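[1] sequence first, then the predicted structure:
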Amino acid sequence: MKLVLIILSVFSSIINNNRIDEINRLTKDAEKSFFKGEYEKSIDNYKILIDSFGLSNEKVYLNLAHSYLLSKDTLKAIESYNYASHTENNEVKSISLQQLGNINEKKNKLEEALSFYKKSILADNTNNDSKFNYELVKKKIQENQNQKKDNQKNQKNNKNSDKNQNQKSNKKNQEENKENKNENEQKKNENQKQKKQNDGKEESIEQKLKQINMTKKKAEMILDALNNNEFQYIQQLKRKPSKKLDKNKPDW
């Protein structure tokens, strides 16, 4: 009985030693691949450690997250950083939260980034990178707020400027319309005045014709006759031959 127990104990020790050796090998291979920039190989080794050997070490998740991030798989990197942040190891927790802050900052999610940096500092107050990033993002947020206020102010000023410009334009149009109206009124008055003068002249002629007992129609007939006689006289002058002068006779 004692012999069997000894054999089982030795066999169990061999298995454990083989397991530890395989874990160490995979860990070293993952690290080598990572530093060579072979992130896909590094990811495969870390996933074997987690899935096949049940290794839930927070450092494994942290390194796996780094590999995902550098291989441009941001979603899986975020997932792994979240796993790594749920640990009692304050250094690993702080780094994971810092990386989540970096990812959000690149996406211009500044408020979220600021929150992660703050949590990272609370987890490890010696994390100077997170402190620097926190102040940097805080400054960016303030600058954005100032820029937003300036834009709103400029929009308000532009709106007021457009309003003033429109008012000036409307006033100018009103003045031009008023001038045109005055000109039209003046022309209308002049036309009416001219018409009255013409009407007055016609009335004056008619009054004179009445004084000599002659109608306007009759006066027009006389005028036409005079014009006709004058025309006939001119035509006769054109037809009348001119006398030739005799050079041998005096011209009297």
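    Cool, the structure landed.
[2] with adjacent residues omitted, what lies nearest to I141?
    L110 (5.1 Å; C-beta to C-beta, 6 or more residues apart in numbering). Just so you know, the C-beta spots here come from the backbone N, C-alpha and C atoms, and that holds for glycine as well.
[3] now do the contacts for the one you found.
    By C-beta atoms under 8 Å, 6 or more residues apart in numbering, the contact list for L110 reads 104, 137, 140-141, 144.
[4] between the residues you listed, which is closest to I121?
    V137 (12.2 Å; C-beta to C-beta).
[5] distance of that closest one from S120?
    For V137, the distance to S120 (C-beta to C-beta, to the nearest Å) stands at 12 Å.
[6] okay, these two: which has more neighbours?
    The residue with more neighbours, out of V137 and S120, is S120; 28 against 24, by other C-beta atoms under 10 Å.
[7] where does the more buried one land in three-state SS?
    Judged by DSSP: H, G, I helix; E, B strand; the rest coil, the three-state class of S120 is helix.
[8] walk me through the domains of the protein.
    Per automatic domain parsing, the domain ranges recorded for the chain read 2-87, 120-232.
[9] mean neighbour count, these: which tops it?
    Across the domains of the chain, averaging neighbours per residue (mean count of other C-beta atoms under 10 Å) puts domain 2-87 on top, at a mean of 15.
[10] spit out the contact partners of S42.
    So S42 contacts 30-31, 33-34, 63, 67 (C-beta under 8 Å, 6+ apart).
[11] can I get those in CSV with pLDDT, distance to Q155 and secondary structure?
    Compiled in CSV, these are given as follows (pLDDT from 0 to 100; distance: C-beta to C-beta, whole Å; DSSP: H, G, I helix; E, B strand; the rest coil):
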residue, pLDDT, distance to Q155, secondary structure
A30, 90, 55, helix
E31, 92, 55, helix
S33, 92, 54, helix
F34, 91, 50, helix
N63, 94, 49, helix
S67, 95, 47, helix
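[12] intersection of neighbour lists for V137 and S120?
    With C-beta under 8 Å, 6+ apart, V137 and S120 have common neighbours G101.
[13] per-residue pLDDT, N151?
    The model reports N151 with a pLDDT of 87.
[14] about what we covered before: tell me the one of the contacts of S42 nearest S96?
    N63 (11.0 Å).
[15] and the one helix or strand Q186 maps to, what does it pack onto?
    Counting by DSSP states H and E, the secondary-structure element that holds Q186 is helix 128-211. With contacts defined as 3 or more C-beta pairs under 8 Å, 6 or more residues apart in numbering; DSSP states H and E, helix 128-211 has these neighbours: helix 90-106, helix 110-123, helix 216-239.
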